[in-house]
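Participant: Need a 3D model of the sequence below.
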Amino acid sequence: MASKATVEKWLGDLTNLPTASGMEDAVIDWVKRWVARRDDLRSASDSGGNVLITQKGRKTKPPVIAVAHMDHPAFVITGVEGDLASFEFRGGVNPEYFEGAAVEVVSRDGGRGVVIDYDPAGSKGTIEVKGDVKPGDILMWRMRRPRARHDVHAAPACDDLAGCAAALAALDKCRGRPELRHFGVLLTRAEEVGLIGALHAAKTESVPKTARILSIETSRALPTAPLGGGPVIRTGDYHSVFDRDLTNRITFAARRAGLRHQRKLMDGGGCEATAFGSYGYATGALCVPLHYHHNRGNLDQFEVGEAEPVPMHEEISLSDFHGLVDLMVLAAKAVDSPDPIVESLDRLFDANSHYLAE
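Facilitator: Coordinates of the predicted model:
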């Protein structure tokens with residue numbers, strides 16, 4: 001089992017990789033190398049390019065699959081003519097963050113530029129470029145490197161590469177434990193343009209319909225769900241509520257284990273639990289709160305007109321991150337436990353039903 005320092009290195013590696021919807025190659029390569037170093041794991045890609053990682057050996061329970069996505073909002077260059085480059089932006093970001101924004105190539109050693117126009121309706125625009133920029137390059141905003149702070153991990157793409165790192169770390173903790181051999185990880189593509197990889201997996205059933213799904217995310221921090229408050233057992237997102245039984249079982253296990261956590265409706269956006277749940281999978285969700293969602297610095301203040309939009313690195317709490325890893329391992333066991341609510345209500349009824357006879 002890897003040390004916390006090693007897991008944090010995985011976190012650092014993944015959250016600094018270049019990625020965009022449909023262009024997750026750098027992440028996929030890193031993950032496949034990670035799997036190849038562990039002879040008790042296997043990986044397979046479905047017809048949509050999602051990567052399913054499972055443990056070898058006999059399983060005695062239906063699968064528990066942690067799902068995280070490998071893409072992050074980014075600029076993708078579609079054409080270059082002279083010192084102008086056209087781009088498509090893949091992901092959801094307020095148009096104000098594009099006005100005169102400085103950008104740079106992150107997928108290789110390349111050039112940089114300034115956004116001179118952007119059409120949010122078509123998610124397309126133009127960059128005035130300097131240096132070497134080619135079609136197919138991935139670009140991000142040029143962001144000042146943040147100063148190191150206690151318990152804070154800052155990186156260009158915590159959403160959802162931190163979720164990928166946490167899922168792999170949980171899988172690493174489950175290895176060598178026969179009772180947890182049913183735990184696996186699905187890393188999906190093109191989430192930022194409409195949950196596309198998750199929808200593909202659900203519609204084609206590349207994950208068995210018997211699987212219990214745990215959507216693993218970094219979700220925009222809320223006043224009621226702050227950084228450092230612990231990982232979140234997510235009751236729902238902007239679109240839907242999640243499986244009652246899974247959510248209750250995981251919550252009960254976390255309370256019984258004394259694991260610091262939060263149980264919240266994280267409605268700052270949607271997540272892949274909605275995709276799987278809508279197609280009939282039993283689905284729960286776990287996340288860590290995130291600052292500067294989709295690199296939107298000053299987001300809370302900007303939305304109320306109190307600050308200018310400034311692109312920034314995303315931030316999560318390291319203690320929340322490690323708690324999320326532990327919570328996944330607990331969840332892999334808890335999903336097969338008796339329903340704690342029913343047991344509690346049965347005890348209440350047995351103790352107090354005599355009042356109905358009065």
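Participant: what's near enough to touch Pro178?
Facilitator: For Pro178, the contact set (Cβ atoms under 8 Å, 6 or more residues apart in numbering) comprises Gly57, Thr60. To be clear about C-beta, it is placed using only N, CA and C from the backbone, and glycine gets the same treatment.
Participant: Now with 7 Å, please.
Facilitator: Residues counted as contacts of Pro178 (Cβ atoms under 7 Å, 6 or more residues apart in numbering): none.
Participant: Quick check: phi and psi at it.
Facilitator: phi -50, psi -30 (degrees, to the nearest 10).
Participant: Go ahead and confirm Trp10 touches Leu168.
Facilitator: Yes - with contact defined as Cβ atoms under 7 Å, Trp10 reaches Leu168; the gap is 6.4 Å.
Participant: So for the two, which sits in the more crowded spot?
Facilitator: Between Trp10 and Leu168, counting by other Cβ atoms under 10 Å, Leu168 is the more crowded of the two (26 against 20).
Participant: And the contacts of the one helix or strand that one maps to?
Facilitator: Taking DSSP states H and E as the definition, Leu168 sits inside helix 158-174. Residues outside helix 158-174 that contact it (Cβ under 7 Å, 6+ apart): 1-2, 7, 10-11, 14-15, 17, 27, 34, 53, 66, 68-70, 72, 180, 183, 185, 187, 191, 216-218, 288, 290, 293-294, 314, 316, 321, 324-325, 328-329, 332.
Participant: just checking, next helix/strand downstream of that helix?
Facilitator: By DSSP H and E, the next helix or strand past helix 158-174 is strand 183-188.
Participant: how much distance is there from that next one to the middle of the chain?
Facilitator: Remark: strand 183-188 is offset 11 Å from the chain centroid, using Cα atoms, centre = their mean, to the nearest Å.
Participant: for the next helix or strand after that strand, packing partners?
Facilitator: The first helix or strand that comes after strand 183-188 along the chain, using DSSP H and E, is helix 196-204. Counting by 3 or more Cβ pairs under 7 Å, 6 or more residues apart in numbering; DSSP states H and E, the packing neighbours recorded for helix 196-204 are strand 183-188, helix 272-278.
Participant: again, 8 Å this time
Facilitator: In terms of contacts (3 or more Cβ pairs under 8 Å, 6 or more residues apart in numbering; DSSP states H and E), helix 196-204 is packed against strand 64-69, strand 183-188, helix 272-278.
Participant: Restricting to C-alpha, output the helix or strand just after the last one in PDB.
Facilitator: Next helix or strand after helix 272-278 toward the C-terminus (DSSP H and E): strand 282-290. The C-alpha coordinates for strand 282-290 follow below in PDB (Å, rounded to 0.1, in the frame of the first residue of the first chain):
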ATOM      1  CA  ALA A 282     -27.500   1.900  -8.200                       C
ATOM      2  CA  THR A 283     -25.400   5.100  -7.800                       C
ATOM      3  CA  GLY A 284     -23.900   7.000  -5.000                       C
ATOM      4  CA  ALA A 285     -21.500   9.900  -5.000                       C
ATOM      5  CA  LEU A 286     -18.500  11.200  -3.000                       C
ATOM      6  CA  CYS A 287     -16.500  14.300  -3.500                       C
ATOM      7  CA  VAL A 288     -14.200  16.900  -2.100                       C
ATOM      8  CA  PRO A 289     -15.000  20.600  -2.100                       C
ATOM      9  CA  LEU A 290     -13.100  22.700  -4.700                       C
END
